[in-house]
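Asks: got a structure for you, letters missing:
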C-alpha cells in the first residue's frame, strides 16, 4: 500500500478489516495501519524490509510525503470460500483524506470475462491535494 499525504501528521492508525464470504461486519478488526504492516510505532521513521513485510519508503509526516509498505499473507492466510473484501481506514475512523493506493494478487482459472479497460495513466497518478485545516503545512 502506498500513501501520498494530503495532510500533516501521522497517516496511520487506520484499522484493517476483512469481510469474509459476504459478511456485513468484519471477521477481524485491526489495531492500526502500522501494526497491520508489522511496523509498530509509525515504523520509527525508518525503512525496513523482510521476506513477507516491510516499509520500503517512510516519509516525514508532512503533506506531500510518501510511504510505501507491503505484507504478504504466506504465513498467515485468510481463508474464504466465495468472497474476500479487505479494507483499511484512512486514519483513525477515516478522518484522513490522503491518497491511498494498493495492489492485490489473486489466482484465477481460465476462461474468464474480459477485464474493464484501465483509465489513462494521467488519471491514475496520485497528486497532492492540500485539504487545509489545523495541522497542515503552509506549503
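Replies: The structure has been received and is ready for your questions. Note that the coordinates shown come from a computational prediction; the quantities given were computed from them, not determined experimentally.

Asks: So for residue 105, what's the pLDDT?
Replies: Listed pLDDT for residue 105 reads 78.

Asks: do you know how far it is from residue 14?
Replies: Per CB to CB, to the nearest Å, residue 105 is found 21 Å from residue 14. All C-beta atoms are positioned from the backbone trio N, CA, C, and that covers glycine.

Asks: out of those two, which sits in the more crowded spot?
Replies: residue 14 (25 against 5; other CB atoms under 10 Å).

Asks: So which residues make contact with the helix or strand bottoming out on mean pLDDT in the chain?
Replies: Scoring the helices and strands of the chain by mean pLDDT, DSSP states H and E places strand 28-29 at the bottom, with a mean of 82. Strand 28-29 is contacted from outside by 15, 16, 17, 18, using CB atoms under 8 Å, 6 or more residues apart in numbering.

Asks: Check stretch 51-59 too.
Replies: For stretch 51-59, using CB under 8 Å, 6+ apart, the contacting residues are 2, 5, 37-39, 43, 45-49, 65-75.

Asks: If we use 6 Å, what do you get?
Replies: Contacts with stretch 51-59, where a contact means CB atoms under 6 Å, 6 or more residues apart in numbering, come from 37-39, 43, 47-49, 65-72, 74.

Asks: Which ones among these map onto strands?
Replies: 48, 49, 66, 67, 68, 69, 70, 71 (DSSP state E).

Asks: Assign the residue lying farthest from the centre of the chain to helix, strand or coil.
Replies: Largest separation from the mean C-alpha position in the chain: residue 111, at 30.3 Å (CA atoms, centre = their mean). At residue 111 the chain is in coil, as set by DSSP: H, G, I helix; E, B strand; the rest coil.

Asks: so where do the helices sit in this structure?
Replies: 33-36, 121-124 (DSSP state H).

Asks: deepest of the ones you listed, which one?
Replies: Of all the helices of the chain, helix 33-36 has the most neighbours on average by mean count of other CB atoms under 10 Å, namely a mean of 20.

Asks: Which residues does it contact?
Replies: Under CB under 6 Å, 6+ apart, the answer for helix 33-36 is 12, 14, 16, 30, 40, 42.
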